[in-house]
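> My questions concern the predicted model and sequence given below.
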Amino acid sequence: MSMIDGRKHAIDGLQTAAAQVLQSYYKAPQITSRIKLQSMVVTGEDLQPMVDLVGALEKNLGKEGATSVFFPIYNDYTFYKEAIQSGNAPTVLVLGADLTRSELGWNCGACGFRSCAEFNKFAKESGGMGLFGGGPSCAWKCIDFCIAVDYACAAAHQMNIENRIQATFGAVAFLLGYLDNASMVLTLPLGPVVELWYYNRPATIQSKVYTYPEMVQMLRRNYTLMFQMFSSSIHAPVKDDGEWWKKEHTERDTVKIGHDQELEGQMLEARGLLMETAIELRQKVQAIKEKKGVAAEAG
Amino acid sequence: MPRVYFNEFPWFAPPDQSRRENGVMAAKLMLNAALTAPVTGGVDHLEGEICWGHDEQEAIARKMEELAHTLKNKRLVESFKYEAVMVRDADCILFLGDYRSKETPFDVDCGYCNGTAGCGFVYERHKTAMGQIDITDRELQATPLDGPFCMIRVGDFGFSIGSALWMAKTLMVDCRPFFTMGLAAQKLGYCRNSDIVVGLPVATLSKNPFVDIFYNYHVVNMRKLVDAARKHYVITRQAGPDYRLVSLERFKKMGQSEAAEDSQEEE
């Protein structure tokens, strides 16, 4: 007989749940039936390189610099950081596949090439990389991979485990090489064991991601039309929170479109540091994989 | 109280139609599940259409058989032909389409389409004006689908298909996703705003009609076998006397006496 702390037991059980979620992932129906799904279960200290990558940006460039790479990555970083700090770390499923090869021969054109052969040739010779992953991608393999990912999400949802599918930390896992040879990588954290961690976003309050005035500024920048005054004016003023009508015309904000050199410098610095740190941390991740005896091409 | 009788055979007879209506209900719930799937940024991207009825399903099947030859793609001939049979066997087909893959890329420099900055890989391969992709112009289209598409949108489409399939699984109805059905339906005007369409046939039959498919399924399948039985049966029955002239009892005896006469002759 024993007495066990319930929350701790639930957190420990996330790894068992991960197995069931992955069974659903690998058993998902497919359109091509030719995709090789990969996955890795990452827990505890092995999560740290992912958090450290964004943490390095924050440490060196501050919040503004860290958010300039891609704000949702910073947002999700706070979710991981706060969960780990509160002893309620999620079990993270790193899911991925190589979508840059096609043996289908359907020649459908969804990838932008006239044939699968042209697609394969281009991918081999000129394939590129963006913020989240590599390309070009076979659309049907992309659909199949995402059907499988959706099955993983649905399995977690049916077990009522807090989860969120993320391209953000998928990009982080991609950069750090958690999976080899995967061109698209997504992360599916299971837990923390609380209600709506990813949708109520308590971590953003703990990490002070945005103050209220900053949120208002973001809304005004992104939804300018909603705040805009008489729209036929060449320089339409933009309404503000509070008693904006009491401001003189000359004091009101207006929209101006132009090249932002300051922002460009900030982004270049942040992306440079991101890549630099990623190269360093990749070695750590490789060392972990070797130590744990995880196959180079897990899956 | 009204009585509703269900039987999966004969096809399209009232008891079968009653059963098919339930398949349509399942397809409707699958559509709702598809809408609730995870989606990047929570942005709407999905449309759906259900095809139900003998003539409607036949039109899709015939289009697929046409595409088997007109696409001139040897790798797809079998798929189009075999899967056309499945369209006829299904209770109904749910078509899901994504209307953002071509027209409104996610614009996030993700790299999945190729990694060119500013999603340029997609934009430079379509006609554009004022930073927008002109979907009315299909001049550059040389393939069945007018790519390249935004792979984030395509991935979202995959999530939606996954949730529809999960709902089918939960409701214990048989379903599989098909490229061929989607393409045929798209050409017939289903999901008309979408650049990529997938067909999800739904069946509630004793045998799942979307698995265990043998080669040449388009010529050897249940419909053809039933047709063969009908064809041969009507020929075979046109032998022997009519029951009104010779009763069964008398006919049986006639056979026996003839057999007895034969045996006597041999002796």
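That came through fine.
> So what touches stretch A:36-49?
Counting contacts by C-beta atoms under 8 Å, 6 or more residues apart in numbering or on different chains, the residues outside stretch A:36-49 that touch it are A:14-15, A:18, A:22, A:25-26, A:50, A:80, A:84, A:89, A:91-98, A:145, A:148, A:173, A:176, A:178-179, A:181-182, A:281, A:284-285, A:288, A:292, A:294, A:297-299. Where C-beta positions appear, they are placed from N, C-alpha and C, glycine not excepted.
> Just list whatever residues bridge to B:Phe95.
Assessed by DSSP bridges, B:Phe95 has beta-bridge partners B:Glu49, B:Gly199.
> what about the host helix or strand of B:Arg153 and chain A, touching?
Taking DSSP states H and E as the definition, B:Arg153 sits inside helix B:151-170. Yes: using C-beta under 8 Å from any C-beta of the partner chain, helix B:151-170 comes into contact with chain A via B:151-152, B:154-163, B:165-166.
> low-scoring stretches of chain A, by residue?
Along chain A, segments meeting pLDDT under 70 span A:295-299.
> In it, what residue lies closest to chain B?
A:Gly130 (1.8 Å; C-beta to the nearest C-beta).
> Compare the residues of helix B:151-170 next to chain A and tell me which is most surrounded.
For the residues of helix B:151-170 next to chain A, the largest number of neighbours (other C-beta atoms under 10 Å in any protein chain shown) sits with B:Met151, at 37 neighbours.
> mind checking how far it is from A:Ala182?
B:Met151 sits 14 Å away from A:Ala182, going by C-beta to C-beta, to the nearest Å.
> cool, B:Val234 as well?
From B:Val234 to A:Ala182 the distance is 60 Å (C-beta to C-beta).
> The two - which one has more neighbours?
A:Ala182 (30 against 9).
> Break the chain down into its domains, please.
I went with chain A, as the question did not name one. For chain A, automatic domain parsing gives the domain ranges A:6-209+A:260-292, A:210-257.
> wait, I meant chain B there
If you go by automatic domain parsing, chain B breaks into B:14-211, B:242-266.
> okay, the ones you listed in CSV with mean pLDDT next?
Below are those laid out as CSV (pLDDT from 0 to 100):
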stretch, mean pLDDT
domain B:14-211, 96
domain B:242-266, 78
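> could you pull out the helices for the stretch 101-250 of chain B?
With DSSP state H, counting those that start in this stretch as the criterion, the stretch 101-250 of chain B has helices at B:120-123, B:151-170, B:179-187, B:222-236, B:248-266.
> right, so the ones you listed: which one is the most enclosed?
Scoring these by mean neighbour count under mean count of other C-beta atoms under 10 Å in any protein chain shown gives helix B:151-170 as the most buried, with a mean of 27.
> could you give the angle of that one to helix B:179-187?
Here helix B:151-170 runs at an angle of 110 degrees relative to helix B:179-187 (axes from the mean of the first three to the mean of the last three C-alpha atoms, to 10 degrees).
> Which residue comes closest to the closest residue to chain A within the stretch 51-200 of chain B once chain neighbours are left out?
Among the residues of the stretch 51-200 of chain B, B:Gly111 lies closest to chain A, at 1.8 Å counting by C-beta to the nearest C-beta. Leaving aside its chain neighbours, B:Gly111 sits nearest to A:Gly130 (1.8 Å; criterion: C-beta to C-beta, 6 or more residues apart in numbering or on different chains).
> What of B:Arg138?
What sits nearest to B:Arg138 in space, not counting adjacent residues and going by C-beta to C-beta, 6+ apart, is B:Asp146, at 6.1 Å.
> circling back to that earlier point, which two of the residues of helix B:151-170 next to chain A have the greatest separation?
Within those, B:Met151 and B:Trp166 form the most distant pair, 22.1 Å apart (C-beta to C-beta).
> distance of B:Ser79 from A:Ile31?
For B:Ser79 relative to A:Ile31 (C-beta to C-beta), the value is 10 Å.
> quick one: common contacting residues for these two?
B:Phe179.
> quick one: the strands in the chain?
I'll assume chain A. All strands of chain A, identified by DSSP state E, fall at A:37-42, A:91-97, A:184-190, A:237-238, A:253-254.
> ah, I was thinking of chain B
Using DSSP E, strands in chain B cover B:46-51, B:92-98, B:128-129, B:132-133, B:174-175, B:196-203.
> rewinding a little: can I get the strands of chain A in JSON lines including distance to A:Arg164?
Formatted as JSON lines, the strands of chain A follow (distance: least, C-beta to C-beta, whole Å):
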{"stretch": "strand A:37-42", "distance to A:Arg164": "15"}
{"stretch": "strand A:91-97", "distance to A:Arg164": "11"}
{"stretch": "strand A:184-190", "distance to A:Arg164": "6"}
{"stretch": "strand A:237-238", "distance to A:Arg164": "33"}
{"stretch": "strand A:253-254", "distance to A:Arg164": "34"}
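> and stretch A:143-161, anywhere near chain B?
Yes: Stretch A:143-161 lies within reach of chain B by C-beta under 8 Å from any C-beta, at A:143-151, A:153-154.
> Burial check on A:Ala28, number of neighbours?
Neighbours of A:Ala28 (other C-beta under 10 Å): 24.
> Surely it touches A:Ala155?
No: using C-beta atoms under 8 Å, A:Ala28 makes no contact with A:Ala155, being 9.5 Å away.
> got a list of contacts for stretch A:70-77?
A:51, A:54-55, A:57-58, A:63, A:66-67, A:131, A:166, A:168-169, A:171-172, A:201, A:204, A:209, B:108.
> just to revisit the earlier point, with distance to A:Leu186 as added columns, please give the residues of helix B:151-170 next to chain A in TSV.
Shown next, in TSV, are the residues of helix B:151-170 next to chain A (distance: C-beta to C-beta, whole Å):
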residue	distance to A:Leu186
B:Met151	12
B:Ile152	11
B:Val154	14
B:Gly155	8
B:Asp156	12
B:Phe157	15
B:Gly158	11
B:Phe159	10
B:Ser160	15
B:Ile161	16
B:Gly162	13
B:Ser163	16
B:Leu165	18
B:Trp166	17
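> quick one on the thing from earlier: please identify the deepest-packed of the strands of chain A.
Here the criterion is mean neighbour count by mean count of other C-beta under 10 Å, and of the strands of chain A the winner is strand A:184-190, at a mean of 28.
> now for it, which elements pack on it?
The contact analysis (3 or more C-beta pairs under 8 Å, 6 or more residues apart in numbering or on different chains; DSSP states H and E) places strand A:184-190 against helix A:14-26, strand A:91-97, helix A:139-158, helix A:168-176.
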